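Asks: Fold the stuff below for me.
(one chain, ligands or ions: 1)
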Amino acid sequence: MSNEAHHNDGRRVEDARLITGAGRYAADWNVPGQLHAAFVRSDRAHAEIVSVNTQEAVSFPGVKAVFTGEDAVRAGYVKAPHTMGFVGKNGMKARSPERPVLAHKRVRFVGEAVALVVADSAGAAEDAAELVEVEYRELKCVTDPEAALAEGAPLLADEIPGNLAWEAEIGDQHAVEAAFPAAAHVTRAKIVSTRVAPNPMEPRACLVAYDATTETYRIHSPMQGVTTLRNQISSYTKVPQDKLVIEVRDVGGGFGQRSGAYPEYIALMIAARSLGAPVKWVCKRSEGFLSDAHGRNMIAHGQLALDRDGKFLAMRIDWIVDLGAYLSPGAQGHVRNTTNCMTGVYLIPALYGTYRIPLTNTTPLASYRGAGRPDVAYVVESLVNQAAAEIGMDPAELRRRNFIPPSAFPYSSPTASVYGGVYEKADLPGMLEKALKLADWKGFADRRAKSKAAGKLRGIGISTVIENTGLGNAPVDEVEIQLDTDGTVTAFTVAKSQGQSHETTYAQIVAKTLEIAPEQVKIVECAPGTKLKGNGTGGSRSTVGAGSVCHLAALKLIEEGKALAALELGVEPSQVTYGRGEFTTGESNRVVKLADLAKAGTLTFKADGKFGHTWPNGCHIAEVEVDPDTGATEIVSYCAVDDIGTVINHAIVEGQLHGGVAQGAGQVFGEKMIYDPQTGQPLTGSFMDYYMPRAGLIPELRCEEYPTPSTVSPLGVKGVGESGCTASIPVLAGAVLDALRPLGVKNLDMPLTPARLWGAISGTRSR
Ligand code: MCN
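Replies: Just a heads-up that it's a prediction; the model follows:
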């Protein structure tokens, strides 16, 4: 069977289930005797809690109990786990206020859970929640990260002076300071990656049941991998991991936001144990805007020094990373990934970066598709594009002059020693030329002239990006393959698809290794009670991690299968060969099929692997037309050339790019969480006010591959799940700026709404 025959035609095997309503999401789980929960949430951004009066709520018909911060403190569930374990300036460790799972004595953002009402119906719980009276003593709030760090800012926690949760510096300050005075040109910019609300399609939900005889909690929740959630819940509660059974089947989008243990889940554990009944909560969309972790939210002051020929000499980036009122479990990417990719795809001999993380009276932040990678790409690519405009050089040519050359790989970036940033091989010049051709870069001047004749401002944007994917926090990724008596092969993994089609692609991997049809392979992710070690899905690492181990486990089946088949065939294992689901020997015509191997009972084969970072990279080029009379933008073309190593499934990879580009476009053109600076109230708390990208925004993408197989993964794969986001933000924002630059517009802050662009255009006209 040829390799091609092992690939199906790209169709996702999970689609039939998901689009016919047969999916099973967190809210679809129901268990006998379950009760329903509603949270009372803070409507103040910053306040002391004077009292919580639950009397009326408790006596509301159907209500079983109301829990408050006192219950959370009594349980000892006050220390939220976070992953910012890095060592900062002068050995500084990250600091976060205590966070009881129901707020106690103090609230620090609008939406923080203050009380939990449990009733025999969701309606009763919601109605009673309105009867809980919370008396607050309001405190001054601060929602702007720069204001939070300023002298005299309201303090979120007495033990965290200056609201400074963490501070760090990386790189070589002296080298950078020496390089700048010698530069022929310095480009400077303040670049803001806006705060967005991820809004996966499936709202959060959680159902917790407690078995008093075994002291075990069974938790149904949407998440990205069973081990991460179990770890974090255990760390929040000190409940041993083997007393936490986590159940999940389908997840309707995650984007990083689902990876962590939210306080609500743990408050439900208190309720389920105390009431001796399962308790279920389904988050409403407007509640999600307030309490689901937000994404991005980084400010960078960047400076890039160039010599007379446009060669980069040095770069400095000062970051302010606003992670909200508390450090959440999923916040480390903001620092680790921006550090890993801080010089992008360029040779920049001297680099210096600083980080400051303030606490603000806003919803906590976590990884959001790209987790720092889109932010750093946006900063570096914007600096490069601005430098090209300032020195009057074609931005493609400026890139050519500064790329890390193929001969320099594996490339140890100036930040390689911080969190492990050695780039594996890439061919950046080749990638650029392919993309320029695909996008007909040379023909742009003509297209711009045509647009101008039609009364439109046309702009072109380019980004060349690289990102780290693969490495995870778990010590290894394990996969177990089960061979059943009928020859069916089932692979069990820890990673969890939230829409990334693992059931299709992992099955393809196993099928290809075993030379059988993908239909013969079933994938089960996060089986309840699984003892497998491994990483959740995040950081576009599942294919590098779990995918590679699927291959290794299938190889194990072949190797161990040979020994078993040898017994049947009456030969030495070395005399057995395997192919197309059959063990054969040159000694006879006898054949042992996979089903024969397991005829006496199911067999299992376990493999593990630990992989470093892989480095997908790409060049995206887009063109936009801006209507100067309305400020409305149309993306008129989008070309993506990506090196994601060996591709398992082309259709799925394109789908991943489409989704990522749409999310990037959403951020560029409209998405932004806005807080009222005086009151700390979110002003974009529903889809009435918060922009979401629609299908009409995104044109037909032209995607092409330019693979340099990874040497980190035995499959040669690099991740792709976040590539679309990382490349699209600089490319789309850059294209719009390019359209307006001839009018004298020098910078534009996202979101690039019609109103903002119209204002910028009118401003230049009135000048
Ligand atoms: N793939 C492939 N060939 C490659 C690389 C990947 O065919 N060389 C396939 C994979 O097998 C998998 C998909 O592409 O089916 C994505 O793989 P990978 O890049 O390994 O990413 P993960 O599976 O680890 O997914 C995580 C990534 C992240 S971090 C976010 S955030 C994200 C994303 O994927 N969230 C998503 N894509 C998403 N897509 C959907 N629909 N929903 C989300 O929540």
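
Asks: Contact distance from the ligand - what residues of the stretch 151-300 of the chain qualify?
Replies: Residues of the stretch 151-300 of the chain lying close to the ligand by Cβ under 6 Å from any ligand atom are 253, 254, 255, 256. Using the backbone N, CA and C atoms, a C-beta is placed for each residue, glycine as well.

Asks: ranges for the strands of the stretch 351-500 of the chain?
Replies: If DSSP state E, counting those that start in this stretch is used as the criterion, the strands of the stretch 351-500 of the chain fall at 411-412, 422-423, 457-466, 477-483, 489-493.

Asks: repeat for the stretch 1-150 of the chain
Replies: Under DSSP E, counting those that start in this stretch, the stretch 1-150 of the chain gives strands at 35-41, 47-53, 63-68, 106-107, 113-119, 133-138.

Asks: Tell me which residues touch the closest residue to the ligand within the stretch 1-150 of the chain, please.
Replies: Nearest residue of the stretch 1-150 of the chain to the ligand (Cβ to the nearest ligand atom) works out as residue 12 at 8.8 Å. By Cβ atoms under 8 Å, 6 or more residues apart in numbering, the contact set of residue 12 is 501, 503, 504, 651, 652.

Asks: low-confidence ranges in the stretch 501-650 of the chain?
Replies: Counting by pLDDT under 70, the stretch 501-650 of the chain shows no low-confidence range.

Asks: same question but for the chain, I mixed them up
Replies: Checking the chain against pLDDT under 70 turns up 1-10, 767.

Asks: how many other residues sit next to residue 33?
Replies: 9 (other Cβ atoms under 10 Å).

Asks: For it, which non-adjacent residue is spatially closest?
Replies: Closest residue to residue 33 apart from its sequence neighbours, by Cβ to Cβ, 6 or more residues apart in numbering: residue 277 at 5.3 Å.

Asks: now swap in residue 470 and tell me
Replies: residue 544 (3.8 Å).

Asks: need the contact list for residue 326.
Replies: Residues near residue 326 by Cβ under 8 Å, 6+ apart: 80, 82, 96, 97, 99, 108, 359, 364.

Asks: got the contact list for the fifth one?
Replies: Residue 99 makes contacts with 78, 79, 80, 263, 326, as judged by Cβ under 8 Å, 6+ apart.

Asks: Mind telling me what element residue 218 is part of?
Replies: Applying DSSP states H and E as the criterion places residue 218 in strand 216-220.

Asks: Need the contact partners of that strand.
Replies: The contact list for strand 216-220 (Cβ under 8 Å, 6+ apart) reads 26, 29, 205-211, 229, 233, 239, 243-248, 265, 269, 272-273.

Asks: before we move on, back to that, surely the residue nearest to residue 470 touches residue 712?
Replies: Yes: if you go by Cβ atoms under 8 Å, residue 544 and residue 712 touch, sitting 6.8 Å apart.

Asks: So for these two, which sits in the more crowded spot?
Replies: Neighbours were counted for residue 544 and for residue 712 using other Cβ under 10 Å; residue 544 has more, 32 against 21.

Asks: quick one: that one and residue 333, what's the gap?
Replies: 16 Å (Cβ to Cβ, to the nearest Å).

Asks: And residue 572, by the same measure?
Replies: 51 Å.
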